[in-house]
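**Student:** no FASTA, just this:
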Ligand code: DON
């Protein structure tokens, strides 16, 4: 007899435990997270979500926001205009490296902070408050419910955002960023502080899996935009562990420093895992193990 899906997911969580890795502490508020939380959600294209573990615990989306803001920037400006400002090559560097292409000054890709700050600035405004509101409302439509900012995480990160501020000023000197760096970093930091659960993230991932179509049939993204986003996630979503991830798990993915991790199986499902302890690349340590296990058990690898 086949194991029911929630029982199977619970079993996977039980078997992928361990207390390796460290909770992110360069954002003071994230250091307060309970390191033992563990959750998974799997969403189908028609909106059915199966979960196990701490599926209703909220955490900040952090870098998992990056592919969705990149999508919105492309929808607003067109692909060519976005690629002119942000390249699509893996950097092989850590997420917070400056990693600009020599000559053009373009950030290497939209998944590292430099590229994500540039992508945030490309979302239509007119002002920075309206721009952030469009980002928040877009994430909410993808998740199928209203999402809000965790103000404590936002304030805590903004207070120590010197490195991102430096990146934004650098982007301005090379003509990639047109807005005022403090406004752009503020908006980008708010985007990273949007509060989600694995259920929300799995639904957001499922929209990418469904070529931009939400479960209610609404086309939230053009299929070619979803394809561009998934391609960049596949090559750059796991930063300097992207090659390891693609060979072992084999699906487009994106991690965040609060411990979230999404994976997309095109045409089939969106998957999200949450576990705050991170490996040395800044990816969820147990999250990576859970995905490796799912990929083996279910043959998720696309190659
Ligand atoms: O900009 C930052 O450093 C954070 N708001 C997001 C970084 C992040 O999530 C990296 N991913 N693992």
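**Tutor:** Structure's in. What do you need? All of these numbers come straight from a predicted model, not from anything done at the bench. Numbering: from 1, shown residues only.
**Student:** what about the strands in this protein?
**Tutor:** Ranges of strands in the chain, per DSSP state E, are 22-23, 39-44, 49-53, 59-60, 195-196, 253-255, 260-265, 269-274, 277-278.
**Student:** what's the neighbour count on the residue lying closest to residue 20 once chain neighbours are set aside?
**Tutor:** Excluding the flanking residues, the one nearest residue 20 by C-beta to C-beta, 6 or more residues apart in numbering is residue 285, at 5.2 Å. Any C-beta I mention is one placed from the backbone N, CA and C, and that applies to glycine too. For residue 285, the tally of surrounding residues (other C-beta atoms under 10 Å) stands at 21.
**Student:** got it, and residue 125?
**Tutor:** 16.
**Student:** any idea of the pLDDT on the residue nearest to residue 20?
**Tutor:** As predicted, residue 285 sits at a pLDDT of 96.
**Student:** just residue 1 next, same as before
**Tutor:** The model reports residue 1 with a pLDDT of 54.
**Student:** got the contact list for the residue most central in space within the chain?
**Tutor:** What sits nearest the mean C-alpha location of the chain, by C-alpha atoms, centre = their mean, is residue 64, with 1.3 Å. Shown in contact with residue 64 (C-beta atoms under 8 Å, 6 or more residues apart in numbering): 196, 201, 254, 255, 256, 260, 261, 262.
**Student:** Leaving out chain neighbours, which residue sits closest to residue 212?
**Tutor:** residue 221 (3.2 Å).
**Student:** contacting residues around the residue nearest to residue 20?
**Tutor:** Residues near residue 285 by C-beta under 8 Å, 6+ apart: 18, 20, 21, 275, 277, 278, 279.
**Student:** follow-up on the earlier one: turn the strands of the chain into TSV, columns for distance to residue 175 and mean pLDDT.
**Tutor:** Shown next, in TSV, are the strands of the chain (distance: least, C-beta to C-beta, whole Å; pLDDT from 0 to 100):
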stretch	distance to residue 175	mean pLDDT
strand 22-23	38	95
strand 39-44	40	98
strand 49-53	43	97
strand 59-60	31	98
strand 195-196	34	98
strand 253-255	28	98
strand 260-265	32	98
strand 269-274	36	98
strand 277-278	34	97
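**Student:** what about those, which gets the closest to the ligand?
**Tutor:** strand 253-255 (4.4 Å; C-beta to the nearest ligand atom).
**Student:** do the closest one and the ligand meet?
**Tutor:** Yes - with C-beta under 6 Å from any ligand atom as the criterion, the ligand is reached by strand 253-255 at residue 255.
**Student:** gap between residue 67 and residue 183?
**Tutor:** Residue 67 is 22 Å from residue 183, where distance means C-beta to C-beta, to the nearest Å.
**Student:** Those two: which is more packed in?
**Tutor:** Counting neighbours by other C-beta under 10 Å for residue 67 and for residue 183 shows that residue 67 has the greater number, 28 against 17.
**Student:** What parts of this structure come near the ligand?
**Tutor:** Contact residues (C-beta under 6 Å from any ligand atom) of the chain with the ligand: 62, 63, 95, 96, 113, 157, 164, 192, 255, 256, 257, 282.
**Student:** run the last query once more with 8 Å
**Tutor:** Within the chain, the positions near the ligand by C-beta under 8 Å from any ligand atom are 24, 26-27, 60, 62-64, 95-96, 113, 116, 157, 161, 163-164, 188-189, 192-193, 239, 255-258, 278, 281-283.
**Student:** which helices and strands sit right next to the longest helix along the chain?
**Tutor:** Secondary structure assigned by DSSP state H gives helix 128-143 as the longest helix of the chain. Contacts defined by 3 or more C-beta pairs under 8 Å, 6 or more residues apart in numbering; DSSP states H and E place helix 128-143 against helix 65-77, helix 113-122, helix 181-192, helix 198-209.
**Student:** Would you mind telling me which of those helices is nearest residue 7?
**Tutor:** Distance to residue 7, taken as C-beta to C-beta, is lowest for helix 198-209 among the helices and strands packed on helix 128-143, at 17.2 Å.
**Student:** Which residues in the closest one does the neighbour count mark as buried?
**Tutor:** Using 16 or more other C-beta atoms under 10 Å as the burial criterion, the residues of helix 198-209 that qualify are 198, 199, 200, 201, 202, 203, 204, 205, 206, 207, 208, 209.
**Student:** what do you get for stretch 163-177?
**Tutor:** Across stretch 163-177, burial judged by 16+ other C-beta under 10 Å covers 164, 165, 167, 168, 170, 171, 172, 176, 177.
**Student:** Residues contacting that stretch, please?
**Tutor:** 85-86, 96, 98, 100, 104-107, 113-114, 117-118, 121, 178, 181-182, 184-185, 188-189.
**Student:** One more: stretch 29-36?
**Tutor:** 19, 23-25, 59-60, 150, 152-153, 155-157, 257-259, 276-277.
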